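>>> Got a sequence here, can you model it:
(chains A and B)
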Amino acid sequence: MRTHARRTIAGAAIAAFALIAAACGSGDDGGAIEGPTITIGSANFSENALVAEIYAQALEAEGYQVERKLNIGSREIYAPALEAGELDLIPEYIGTMLTYLGGTASPDSAETHAALQVAWESAGIDVLDYAPAQDKNGFVVTKATADELGLTKVSDLAAHNGTLVLGGPPECPEREFCLKGLEDVYGLSFTEFRPLDVGGPITVAALEGDEIQVGLLFTSDGTIIAKDFVLLEDDKALQPAENLAPAVRAEIIEAYGDKFAETLQQVSSKLTTPELTAMNKFVGIDGKDPEAVAAEWLKAIGVTE
Amino acid sequence: MVDEEGGGMIEFFGEVAAWFGDSANWFGTSGILNRLREHIQITAAATAVSTIMAIPPAVWLAHRRIGGTLVVAVVNIGRAIPSFAIVVLFLPISIRLGLGIGFWPTFLALLFLAIPPMFTNAYTGVAGVDPDLVEASRGMGMTDREVLLKVETPMASPVILAAVRVAAVQVVATATLGALVGWGGLGRFIVDGFAVRDSVVVFAGALLVASLAIVTEVALGAVERRVVPSTLRSRSEHVESIVA
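Numbers count the residues shown, from 1 in each chain, chains lettered A, B, ... in the order given. Just a heads-up that it's a prediction; the model follows:
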């Protein structure tokens, strides 16, 4: 206990010193910006915490005071915390959040984003511009299957109706975004549906072992890169839009002005699904430190030096 | 209100009955008949293999009086590990060994479930045979082999067979976990029903598993009554309390 306390004091002293140093720093590192500390939260899974870390580092580089409260829990916990002002900024998925607020998400990103902005405005939350990156359900095949059957988009599967096995979460046959939608919207039929897990290791193993040829994974899953899977393009827009967007308290925007939003929008504009997938692989599969992955990426896109 | 609740229950059982009455739920890959076949296939295989792996070594070790409490204790550690954990732990191992998902992780977990009680009961059954009886058999000029096969094993047979029966019933109930790692079987109704919050399907699945467990219990009980020497049958009831 005592060492811990001592460490905390030492840490606080260093932090205080760093603050003073930053405050006295010259203009070319941006310098500290006067105003309220921005508390950044995230959901309790690694991708969301990583994006929150990216926001945090991008804002710190501009001189904003940032506090991190990452891996808080589910939406039921962090969304009310944001509305209550315990958090100021979170990375959010537009489709799921709109559904959470009682709206209906569509495959159109701009439309879903606009609807979310309206739905959340009364709670004092601004949803800034969304990133191209989406974390939604995606249908995946192995490289070998894709090459052999010439598959790049979901509609290509129609040429192989009745010859492939689909694997996914047990509820898939009942869901519009899954087997039902594949049948109704794409006109696909499979020899069999195999109930597996929700975009997890069992689906991956089944794909690798050729027990299934088409599997449901999440579009930004690092495994897709690690296993050299091919994510089929949802060319008939079955899945609701799930772009990542910064959700921020309106008070913060008022306090800092447009420049604050611009920093985050610069980050969002560069965050694509392949970039996010690659970062997820670094963190989730290669075991790299999320802070280092975030820092490296921000440097690569030119937000930090 | 009370009436409404009662009505709800009746309605629920009516829905379950309707589910069983729908022939669409009986045929095809995800139909009852195929799931039942898969369930019987994996439980029969797991029970048979664990019987072969557990009983002969246990009988032989007990006959030679090797190991004693130590062996039993070590084997018994297996009973402390939840089957669910074993299924999940075997999944990556099975994948790495190229055995894939589904059958093998479930099968291996069921072996781990069935072997310890079979081994322990067979061991204690043989070790518990009256030493005077063994001594008398030797005195009559029986060879070591004859003592094992004609005295100790028949004497211990009620315990051994009861152990196999109890393990088989556990295996039938536990094979439902296979549905979590991509295997079929009757557990599919429970897992898939839960995934869509359909309690009728979950209940129907549980009913099917329980029925199969009861059938297993009764069938193996009948086998036991035919195999166990009539003079030892009274022992069979006494055994029940040891095994359970």
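>>> Need the three-state assignment for A:Lys69.
strand (DSSP: H, G, I helix; E, B strand; the rest coil).
>>> which non-adjacent residue is nearest it?
Leaving aside its chain neighbours, A:Lys69 sits nearest to A:Gly41 (4.7 Å; criterion: Cβ to Cβ, 6 or more residues apart in numbering or on different chains). For every residue, glycine as well, the C-beta is placed using N, CA and C.
>>> which SS class is that neighbour?
For A:Gly41, the secondary structure call by three-state DSSP comes out as strand.
>>> And for it, the neighbour number?
A:Gly41 has 26 neighbours, counted by other Cβ atoms under 10 Å in any protein chain shown.
>>> before we move on, what about A:Ile72?
With other Cβ under 10 Å as criterion, A:Ile72 counts 20.
>>> surely A:Tyr256 meets A:Gly35?
Yes: with contacts counted by Cβ atoms under 8 Å, A:Tyr256 reaches A:Gly35, the gap being 5.6 Å.
>>> ok, these two, which is more surrounded?
Taking neighbours as other Cβ under 10 Å, A:Tyr256 and A:Gly35 compare with A:Tyr256 leading, 20 against 14.
>>> ok, the more buried one to A:Gly168 distance?
44 Å (Cβ to Cβ, to the nearest Å).
>>> show me where chain B has helices.
B:2-21, B:32-63, B:69-80, B:83-96, B:103-127, B:131-139, B:144-146, B:153-174, B:187-195, B:199-227, B:233-243 (DSSP state H).
>>> And for the nearest residue to A:Asn161 once chain neighbours are set aside, the neighbour number?
By the measure of Cβ to Cβ, 6+ apart, the closest residue to A:Asn161 outside its immediate chain neighbours is A:Ser189, 4.7 Å from it. Neighbour count of A:Ser189, defined by other Cβ under 10 Å: 16.
>>> How about A:Ala84?
Neighbours of A:Ala84 using other Cβ under 10 Å come to 11.
>>> could you check the distance from the residue nearest to A:Lys69 over to A:Glu62?
From A:Gly41 to A:Glu62 the distance is 19 Å (Cβ to Cβ).
>>> try A:Ile252
Counting by Cβ to Cβ, the gap from A:Ile252 to A:Glu62 is 13 Å.
>>> cool, and B:Trp60?
Following Cβ to Cβ, the distance that separates B:Trp60 from A:Glu62 is 76 Å.
>>> Need the overlap of contacts for A:Tyr256 and A:Gly35.
Between them, A:Tyr256 and A:Gly35 share these contacting residues under Cβ atoms under 8 Å, 6 or more residues apart in numbering or on different chains: A:Tyr64.
>>> and the residue of chain B nearest chain A?
B:Ala195 (3.7 Å; Cβ to the nearest Cβ).
>>> I'd guessed that residue sits against A:Pro170; true?
Yes: using Cβ under 8 Å, B:Ala195 is in contact with A:Pro170, at 3.7 Å.
>>> any common contacting residues for the two?
The contact sets of B:Ala195 and A:Pro170 overlap at A:Pro195 (Cβ under 8 Å, 6+ apart).
>>> Nearest the geometric middle of chain B, what residue?
In chain B, the residue lying closest to the centroid (Cα atoms, centre = their mean) is B:Ala168, at 2.1 Å.
>>> Contact partners for the residue nearest to that residue when sequence neighbours are not counted?
Excluding the flanking residues, the one nearest B:Ala168 by Cβ to Cβ, 6+ apart is B:Thr47, at 4.6 Å. Applying Cβ under 8 Å, 6+ apart to B:Thr47 gives the contacts B:Ala114, B:Val164, B:Ala167, B:Ala168, B:Val171.
>>> one more time with 10 Å
Going by Cβ atoms under 10 Å, 6 or more residues apart in numbering or on different chains, B:Thr47 touches B:110-111, B:114, B:118, B:164-165, B:167-172, B:216, B:220.
>>> list the residues that contact both of A:Ile252 and A:Glu62?
With Cβ under 10 Å, 6+ apart, A:Ile252 and A:Glu62 have common neighbours A:Phe260.
>>> Can you read off the pLDDT for the residue lying closest to B:Arg165 once chain neighbours are set aside?
Setting aside the residues directly before and after it, B:Arg165 is nearest to B:Leu220 in space (Cβ to Cβ, 6+ apart), at 4.0 Å. Reading off the confidence values, B:Leu220 has pLDDT 94.
>>> if I look at B:Leu220, how far off is B:Thr51?
11 Å.
>>> list the residues that contact both of the two?
Taking Cβ under 10 Å, 6+ apart as the contact rule, B:Leu220 and B:Thr51 both touch B:Val164, B:Ala167, B:Ala168.
>>> May I see the residues you listed organised as TSV, with distance to A:Glu183 added?
Output for these, formatted as TSV (distance: Cβ to Cβ, whole Å):
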residue	distance to A:Glu183
B:Val164	46
B:Ala167	43
B:Ala168	41
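>>> so the nearest residue to A:Glu183 once chain neighbours are set aside, which of the three states?
Spatially, and ignoring its direct neighbours in sequence, A:Glu183 is nearest to A:Ser189 (6.6 Å; Cβ to Cβ, 6+ apart). Of the three states, A:Ser189 takes coil under three-state DSSP.
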